[in-house]
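here is the input, now give the coordinates:
(2 chains)
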There are 2 protein chains.
Amino acid sequence: MAERLDPWSNDAVSDYEHLFAEFGIKTLSARERLDHVYFRRGIAVAHRDFDAFVNALRTRKRTYCMTGIASSGRMHIGHMSIIDFVRFFQKQGADTYFAVADIDAYVSRERIQTMEEAKRYALENAAHVLALGVPKKCVYVQSRMPARYYELAFEISKKFTENAFRAIYGHLNPGKMAAVFLQLADILYPQLDGPRIGIVPVALDQDPHIRATRDVAARLPYGFVPPASLYVKHVPALGGPSSKMSSSDPNSAIYLDDTPEVVEQKIKKYAFSGGRDTVDEHRKHGGNPDVDVAFQLLKYFEPSDSKVERVRESYASGKLLTGELKAVTIELMKKFFARHHRRLPAARKIAQKIVYG
Amino acid sequence: MAERLDPWSNDAVSDYEHLFAEFGIKTLSARERLDHVYFRRGIAVAHRDFDAFVNALRTRKRTYCMTGIASSGRMHIGHMSIIDFVRFFQKQGADTYFAVADIDAYVSRERIQTMEEAKRYALENAAHVLALGVPKKCVYVQSRMPARYYELAFEISKKFTENAFRAIYGHLNPGKMAAVFLQLADILYPQLDGPRIGIVPVALDQDPHIRATRDVAARLPYGFVPPASLYVKHVPALGGPSSKMSSSDPNSAIYLDDTPEVVEQKIKKYAFSGGRDTVDEHRKHGGNPDVDVAFQLLKYFEPSDSKVERVRESYASGKLLTGELKAVTIELMKKFFARHHRRLPAARKIAQKIVYG
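The predicted structure follows:
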């Protein structure tokens, strides 16, 4: 309920609430909001057992953070929020694991024809993850792990019945099923090095994996602690809250390998505006920051709370026009991308080793 | 059809023939019967593409031989025929791979509670395989392979639809399905080192794996050659042709860790006899070697064709009594087991390394 009072929230959160209750997902209480802008800006929206994870952090118990991305194409800024949380929890002292899921990408996506293709994506994706500041010791690809990791994936497979799998995933497709076993192994593998609570920051649509993992964790003979999860809203697509980033439509998303100039053009041309139809109307009624993509980008990328709040008020009151808001965002994003591209060449060299050895 | 004229055959072969036609399995032609007693004694009963494999052997092309056992309990002499063929094809020049399928055993068998348990069996099983003469470089456990092997298992998973899997295996059980992916990887993995024809000597009930492997081989992007198979009849259970070796009934089978004395007792007490009810009837009508387990054991273990044929004639004519036939078999088996047990301690040391590193 607190979520509704959050100044940073947008409509989408209330849409989730009936699902939260049904699946046992909880919204974040004040005590669980750690010192990170995402907690203050409604980007972290809900969780499972995050309270237990926070307690473990506060009492300096050993913890871990695990997440990842499927290397199924060009990486876009939609993944930023997850990566930012990984860096945050790593700095808080959690052992950190970032999976570039090349096997998952190949096995569960029709479009990817060979593992070779999945690995080419994996190299690029790993490079972006590294350039965004995840330490290299934390990043791995599924295809280059110790045998024990794969053994765990097969052990996990034994813990599903046909009915249980279908109830969670809605299908029994052999390849996609195999990919699930590996994803669950990603989440639980760190606990072979000592059972302990882990946090998995993911988008809400990944909750089936979390439910399945927590269920399986209890039935493996290793005393695994059911992992906690933190549900994070992804950066919206350029088309606004109701659109989706699509790899087949390059103008739906800002990609991490876009040049600063392309980023500028995309925001100018494609970022959905919460502004009014005419300047007069805008001055009179104000813009709607909750649906405005340029403003949403600020929420993810601008470190200063007071600056974000100033822009929000100014835009909502009608003082700041859409073009002016976009200019603020473009300046921030161009700096971000310039820095990111400076870091990429060195990151690619490290990624090459991670993916191909 | 030729099979019916084979002096070594027993009834079971003709039972298979309608299945052979339906599934595209072929009986062995004269040209395919290599110089090994199993070909002369109806123990090798049928095949897929064995002609192509034999051609490759004869023209000294690179080939491989792959088979294995699931480490799901004590190993019995039922596995002997497979192992003998592995040694034979290895000597013929095929690169040889023998899988002790510990992950398969754990994942697909309810009875095995942990991987730890499957590995304990794997150690014992590997020791027997080594003591039976399979070179140590050929023996591996599924849980200690290079990452590329597991990657292949996941690639294989992508090549099944729900319907195709169900049509071959009759279920969509997640764990058993995962075990299948790994078994198919066992069979195809050697071809990552160069596509070439391989031979898989197995029991006929393993044909679903062969069909699935051949189907998948063609749809992976590596130019794999569909593996050939050679179907081998297992050593019968002590209870005779219509009974099954069971791990819950130790008197149903002779185990490779039975002492020579236990083997003697089992043959004396439990080996199903093809003899008549009374000595008089036996002298008059003769015994039936086709159902007599002591005689069947000779077919598998006695190297001399002429000795086996002498015993067969003598028993069928009524000259040799059941007790006398058993004495011949017991002498042979005790020698075999004495030698096997002499070799086991050294083999266990090697097996320890194979299973636990």
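
which secondary structure element is home to A:Asp277?
A:Asp277 is part of no helix or strand, with elements assigned from DSSP states H and E.

A:Ile69 now?
Using DSSP H and E, A:Ile69 maps to strand A:64-70.

and whichever helix or strand comes after that strand, what does it pack against?
Scanning forward in sequence from strand A:64-70 by DSSP H and E, the next helix or strand is helix A:80-91. Judged by 3 or more Cβ pairs under 8 Å, 6 or more residues apart in numbering or on different chains; DSSP states H and E, helix A:80-91 is in contact with helix A:37-40, strand A:64-70, strand A:95-101, strand A:198-202, strand A:228-232, helix A:293-301. The way it works is simple: take the backbone N, C-alpha and C, and place the C-beta from them, glycine included.

now mean pLDDT, distance to chain B and mean neighbour count too, for those, in JSON lines please.
Converted to JSON lines, these look like this (pLDDT from 0 to 100; distance: least, Cβ to the nearest Cβ, whole Å; neighbours: other Cβ atoms under 10 Å in any protein chain shown):
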{"stretch": "helix A:37-40", "mean pLDDT": "94", "distance to chain B": "33", "mean neighbour count": "19"}
{"stretch": "strand A:64-70", "mean pLDDT": "96", "distance to chain B": "13", "mean neighbour count": "25"}
{"stretch": "strand A:95-101", "mean pLDDT": "98", "distance to chain B": "11", "mean neighbour count": "25"}
{"stretch": "strand A:198-202", "mean pLDDT": "97", "distance to chain B": "21", "mean neighbour count": "27"}
{"stretch": "strand A:228-232", "mean pLDDT": "96", "distance to chain B": "22", "mean neighbour count": "26"}
{"stretch": "helix A:293-301", "mean pLDDT": "96", "distance to chain B": "34", "mean neighbour count": "24"}
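
for the stretch 201-350 of chain A, what lies in contact range of chain B?
Along the stretch 201-350 of chain A, the residues adjacent to chain B under the rule Cβ under 8 Å from any Cβ of the partner chain are A:Pro221.

residue in the stretch 201-350 of chain A nearest to chain B?
Relative to chain B, the nearest point of the stretch 201-350 of chain A is A:Pro221 (5.0 Å; Cβ to the nearest Cβ).

I'd assumed B:Ala118 was in contact with that residue.
No - in terms of Cβ atoms under 8 Å, A:Pro221 does not count as a neighbour of B:Ala118; the distance is 11.9 Å.

quickly list the domain ranges of chain A.
A:2-234, A:250-347 (automatic domain parsing).

which stretch in the ones you listed has the least confidence?
Mean pLDDT is lowest for domain A:2-234 among the domains of chain A, at a mean of 91.

roughly how far is it from the heart of the chain?
With Cα atoms, centre = their mean, to the nearest Å as the basis, domain A:2-234 stands 9 Å off its chain's centre.

related to what we said a few turns ago, of A:Pro221 and B:Ala118, who's got more company?
Using other Cβ atoms under 10 Å in any protein chain shown as the criterion, A:Pro221 and B:Ala118 rank with B:Ala118 on top: 29 against 11.

now the more buried one, nearest residue through space, not along the chain?
B:Tyr106 (3.9 Å; Cβ to Cβ, 6 or more residues apart in numbering or on different chains).

helix or strand for the one you found, which one?
With DSSP H and E as the criterion, the answer for B:Tyr106 is helix B:102-108.

doesn't B:Asn173 make contact with A:Lys158?
No - using Cβ under 8 Å, A:Lys158 makes no contact with B:Asn173, being 9.5 Å away.

for those two, indicate the residue with more neighbours.
Between A:Lys158 and B:Asn173, A:Lys158 has the larger neighbour count (other Cβ under 10 Å), namely 24 against 20.

what about the residue nearest to the more buried one when sequence neighbours are not counted, how many residues nearby?
Among residues not flanking A:Lys158 along the chain, B:Gly175 sits closest, at 3.9 Å (Cβ to Cβ, 6+ apart). By the criterion of other Cβ under 10 Å, B:Gly175 has 23 neighbours.

now A:Gln113
With other Cβ under 10 Å as criterion, A:Gln113 counts 11.

ramachandran angles for it?
phi -80, psi -30 (degrees, to the nearest 10).

correct me, but it touches B:Arg219?
No - applying Cβ under 8 Å as the test, A:Gln113 and B:Arg219 come out as separate, 11.3 Å apart.

related to what we said a few turns ago, please convert the helices and strands packed on helix A:80-91 to CSV, extending it with distance to A:Ser317.
Listed next are the helices and strands packed on helix A:80-91 as CSV, based on distance: least, Cβ to Cβ, whole Å:
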stretch, distance to A:Ser317
helix A:37-40, 21
strand A:64-70, 38
strand A:95-101, 41
strand A:198-202, 34
strand A:228-232, 29
helix A:293-301, 13
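
closest to B:Lys334 out of those?
Proximity to B:Lys334 (Cβ to Cβ) singles out strand A:95-101 among the helices and strands packed on helix A:80-91, at 56.1 Å.

elements contacting the closest one?
strand A:64-70, helix A:80-91, helix A:115-131, strand A:139-141, helix A:174-188.

please identify the buried residues of whichever helix in chain A runs longest?
In chain A, assigned by DSSP state H, the helix with the most residues is helix A:322-356. Residues of helix A:322-356 classed as buried by neighbour count (16 or more other Cβ atoms under 10 Å in any protein chain shown): A:322, A:325-330, A:332-334, A:336-337, A:340, A:344, A:347-348, A:351, A:354-355.
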